[in-house]
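Undergrad: only the shape, not the letters, is given here:
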């Protein structure tokens, strides 16, 4: 799942100068990835696919986001959804943001952190129950 260069449609909140990222594998299982800035030497987010942790997670993204990332109904199955991890002192304290997933279109290599309208989705869901 290593994608060479991903261009963000909009910078992530708090990181206005970072628009180009690389997705790099951090573990042998292929679950943990680093979303590493190519614009700042020391900026990296740890991200995970939702399926191993939240199998029922199915975010609905707005049509304008889909258009911006070049996602059509034909290519929707190929979209990569990643959750940003906030590392805690222990695995039990580690959370992910279900309200603002990172949505990547591997075909166009464009991505955006999408703020979902669903108020039920937590900003800090425990990664492991």
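TA: Noted; the coordinates are in hand. Because the structure is a prediction, the values reported are computed rather than measured.

Undergrad: the helix or strand harbouring residue 5 pairs with which strands, and in what direction?
TA: Using DSSP states H and E, residue 5 maps to strand 3-8. Sheet pairing here is set by DSSP bridges, and for strand 3-8 it gives strand 20-25 (antiparallel), strand 110-113 (parallel).

Undergrad: contacts for that strand, please.
TA: Residues from elsewhere that reach strand 3-8 (Cβ atoms under 8 Å, 6 or more residues apart in numbering): 18-23, 35, 38, 80, 104, 106, 109-113. Just so you know, the C-beta spots here come from the backbone N, C-alpha and C atoms, and that holds for glycine as well.

Undergrad: in stretch 4-23, what counts as buried?
TA: Residues of stretch 4-23 classed as buried: 6, 8, 9, 12, 18, 19, 21, 22, 23 (neighbour count, 16 or more other Cβ atoms under 10 Å).

Undergrad: ok, so of those, who is nearest residue 98?
TA: residue 12 (16.1 Å; Cβ to Cβ).

Undergrad: and the closest residue to that closest one other than its chain neighbours, what does it touch?
TA: Among residues not flanking residue 12 along the chain, residue 113 sits closest, at 5.0 Å (Cβ to Cβ, 6 or more residues apart in numbering). The neighbourhood of residue 113, defined by Cβ under 8 Å, 6+ apart, consists of 8, 10, 12, 13, 84, 100, 101, 102, 103.

Undergrad: which of the three states applies to the fifth one?
TA: Right, residue 84. strand (DSSP: H, G, I helix; E, B strand; the rest coil).

Undergrad: so it versus residue 63, what's the distance?
TA: Residue 84 sits 23 Å away from residue 63 when distances are taken as Cβ to Cβ, to the nearest Å.

Undergrad: and for residue 108, the neighbour number?
TA: For residue 108, the neighbour count with other Cβ atoms under 10 Å is 15.

Undergrad: the helices in this protein, which residues?
TA: Assigned by DSSP state H, the helices in the chain fall at 63-69.

Undergrad: centroid residue for it?
TA: In the chain, the C-alpha nearest the mean C-alpha coordinate belongs to residue 102, at 2.6 Å (Cα atoms, centre = their mean).
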